[in-house]
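Visitor: Here you go, sequence then predicted model.
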Amino acid sequence: MRTVILRRSLVALFAAAVALGAVTQAQAEDLRIGYQKYGTLVLLKAKGSLEKRLAEQGVKVQWTEFPGGPQLLEGLNVGSIDFGVTGETPPVFAQAAGADLLYVAYEPPAPTSEAILVPKDSPVTSVKDLKGKKVVLNKGSNVHYLLVKALEDAGLKYTDIQTVFLPPADARAAFERGSVDAWVIWDPYQAAAEKQLQARTLKDGTGIVDNHQFYLATKPYAQKNPKVIQALIEEVRAVGEWSKAHPDEVTQQVAPLLGLPADITLTSVKRQGYGALFITPPVVAAQQKIADTFYQLKLIPKSLSIADVVWTPPAAVAQAQ
């Protein structure tokens with residue numbers, strides 16, 4: 001009889017241990033964030049407030065830097081990060097490639113923080129003059145859509161120009177050498193080229209693109225860890241509100257990280273959109289338009305539904321926005 005009771009006790013203890021392990025696992029997973037050298041996440045990382053807040057949930061935060069949005073979303077696609085921020089275009093290319101991602105939140109528009117630049121002595125004076133010219137950009141980045149819309153606005157087709165795809169550092173080198181006629185780029189590279197190279201702004205996003213930044217997560221992580229995502233967005237929002245009101249302090253923090261002079265950094269800081277809002281139907285519609293445009297141009301292999309990959313926050317949180 002004692003043997004039976006002992007066995008039952010051991011079985012009960014084992015079951016309890018397994019259940020406890022399952023509860024611990026279900027509480028939250030560590031959060032791996034991908035970021036770029038510039039933007040709100042850099043400020044959040046420097047502040048350290050997210051680590052303190054998530055420690056209450058037993059969650060550790062890991063940070064990984066990426067040179068651009070396409071590379072960041074590749075990291076998200078292969079599972080090396082759980083969360084990151086990019087411009088409008090990279091998630092469209094990532095979704096078309098089968099990435100299991102969700103749109104979580106977005107930043108307000110920042111149309112002047114991306115532009116088509118030409119050398120200071122270039123004979124090109126309008127977007128129309130780019131016909132037949134070489135234009136360099138980072139393929140699949142936020143500026144890809146700016147280029148498409150600027151050409152369309154000028155009565156040109158995407159095929160009317162010669163595109164050269166290079167990451168920012170290599171693109172700048174090609175621009176300086178005169179190997180290309182124009183460079184489509186975002187801040188802080190944009191501000192640096194304007195100040196250091198006296199590059200002329202042929203066209204920025206004003207009136208043709210919103211240039212939102214999107215916060216994205218892997219679908220499995222967002223679905224399993226809604227409280228972590230909620231806390232993260234709230235911290236991003238708080239840092240964004242502070243940054244909007246303190247551009248000089250932001251510049252002091254960010255300039256050393258960028259390795260850029262304060263005046264260039266301040267220009268970039270003032271052109272950025274700050275804040276984090278949960279995705280709304282108008283934002284979905286605007287992003288859908290980008291996806292449809294790229295499909296029509298055969299830049300992505302299939303049509304997409306943006307609405308299918310939008311994270312739904314807890315009802316109370318969404319209403320509070």
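Guide: Right, received. Where do you want to start?
Visitor: Enumerate the positions of stretch 203-218 that are buried.
Guide: 203-205, 208-218 (16 or more other C-beta atoms under 10 Å). Every residue, glycine included, has its C-beta placed from N, CA and C.
Visitor: can you put these in CSV and add pLDDT, distance to residue 168 and secondary structure?
Guide: Listed next are the buried residues of stretch 203-218 as CSV, based on pLDDT from 0 to 100; distance: C-beta to C-beta, whole Å; DSSP: H, G, I helix; E, B strand; the rest coil:
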residue, pLDDT, distance to residue 168, secondary structure
203, 98, 18, strand
204, 98, 17, strand
205, 97, 17, coil
208, 95, 22, coil
209, 96, 19, coil
210, 94, 21, coil
211, 95, 16, coil
212, 94, 20, coil
213, 94, 16, coil
214, 96, 19, strand
215, 97, 21, strand
216, 97, 20, strand
217, 98, 25, strand
218, 97, 26, strand
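Visitor: Out of the residues you listed, which is nearest to residue 109?
Guide: residue 210 (4.1 Å; C-beta to C-beta).
Visitor: got a list of what the closest one touches?
Guide: Counting by C-beta atoms under 8 Å, 6 or more residues apart in numbering, residue 210 touches 88, 109, 111, 286.
Visitor: likewise residue 39?
Guide: When contacts are counted by C-beta under 8 Å, 6+ apart, residue 39 touches 85, 213, 272.
Visitor: Can you tell me how far the second one is from residue 120?
Guide: Translated: residue 213. 29 Å (C-beta to C-beta, to the nearest Å).
Visitor: now the strands for the stretch 101-250 of the chain?
Guide: Applying DSSP state E, counting those that start in this stretch to the stretch 101-250 of the chain gives strands spanning 101-106, 114-118, 134-137, 162-165, 182-186, 200-204, 214-218.
Visitor: Ranking those by mean neighbour count, which comes first?
Guide: Greatest average neighbour count among the strands of the stretch 101-250 of the chain goes to strand 182-186 (a mean of 28), per mean count of other C-beta atoms under 10 Å.
Visitor: Pull the distance from that strand to the chain's centre.
Guide: For strand 182-186, the separation from the chain centroid amounts to 17 Å (computed by C-alpha atoms, centre = their mean, to the nearest Å).
Visitor: Who are the packing partners of that strand?
Guide: Judged by 3 or more C-beta pairs under 8 Å, 6 or more residues apart in numbering; DSSP states H and E, the packing partners of strand 182-186 are strand 114-118, strand 134-137, helix 142-153, helix 168-177.
Visitor: Excluding residues flanking it in the chain, which one is nearest the residue nearest in space to the middle of the chain?
Guide: Residue closest to the mean C-alpha point of the chain, counted by C-alpha atoms, centre = their mean, is residue 86 at 1.2 Å. Nearest residue to residue 86, sequence neighbours excluded (C-beta to C-beta, 6 or more residues apart in numbering): residue 69, at 3.2 Å.
Visitor: same deal with residue 301?
Guide: residue 96 (6.1 Å).
Visitor: Tell me which residues touch the one you found, please.
Guide: Here residue 96 is in contact with 291, 294, 300, 301, 302, 304 (C-beta under 8 Å, 6+ apart).
Visitor: burial count for the fifth one?
Guide: Residue 302 has 10 neighbouring residues, counting by other C-beta atoms under 10 Å.
Visitor: What of the fourth one?
Guide: A total of 8 residues lie near residue 301 under the criterion other C-beta under 10 Å.
Visitor: Checking it next. Helix, strand or coil?
Guide: coil (DSSP: H, G, I helix; E, B strand; the rest coil).
Visitor: confidence score at the residue nearest to residue 86?
Guide: Residue 69 carries a pLDDT value of 86.
Visitor: Neighbours of it, how many?
Guide: 30.
Visitor: for residue 247, same thing?
Guide: 17.
Visitor: element containing the closest residue to it other than its chain neighbours, please.
Guide: In space, residue 247 comes closest to residue 269 once its chain neighbours are excluded; the distance is 4.9 Å by C-beta to C-beta, 6+ apart. Using DSSP states H and E, residue 269 sits in helix 262-271.
Visitor: Residue 178 and residue 185, how far apart?
Guide: On the measure of C-beta to C-beta, residue 178 and residue 185 end up 16 Å apart.
Visitor: Ok, residue 258 next?
Guide: Distance, residue 258 to residue 185, by C-beta to C-beta: 14 Å.
Visitor: and if you look at residue 214?
Guide: Relative to residue 185, and taking C-beta to C-beta, residue 214 is found at 19 Å.
Visitor: what's the answer for residue 113, then?
Guide: Residue 113 is 10 Å from residue 185, by C-beta to C-beta.
Visitor: now residue 49
Guide: For residue 49 relative to residue 185 (C-beta to C-beta), the value is 31 Å.
Visitor: coming back round to it: with the buried residues of stretch 203-218 in mind, which one is nearest to residue 126?
Guide: residue 203 (8.3 Å).
Visitor: which strand residues sit across from that closest one in the sheet?
Guide: residue 116 (DSSP bridges).
Visitor: my read: it touches residue 112, true?
Guide: No - using C-beta atoms under 8 Å, residue 203 is not in contact with residue 112, being 10.8 Å away.
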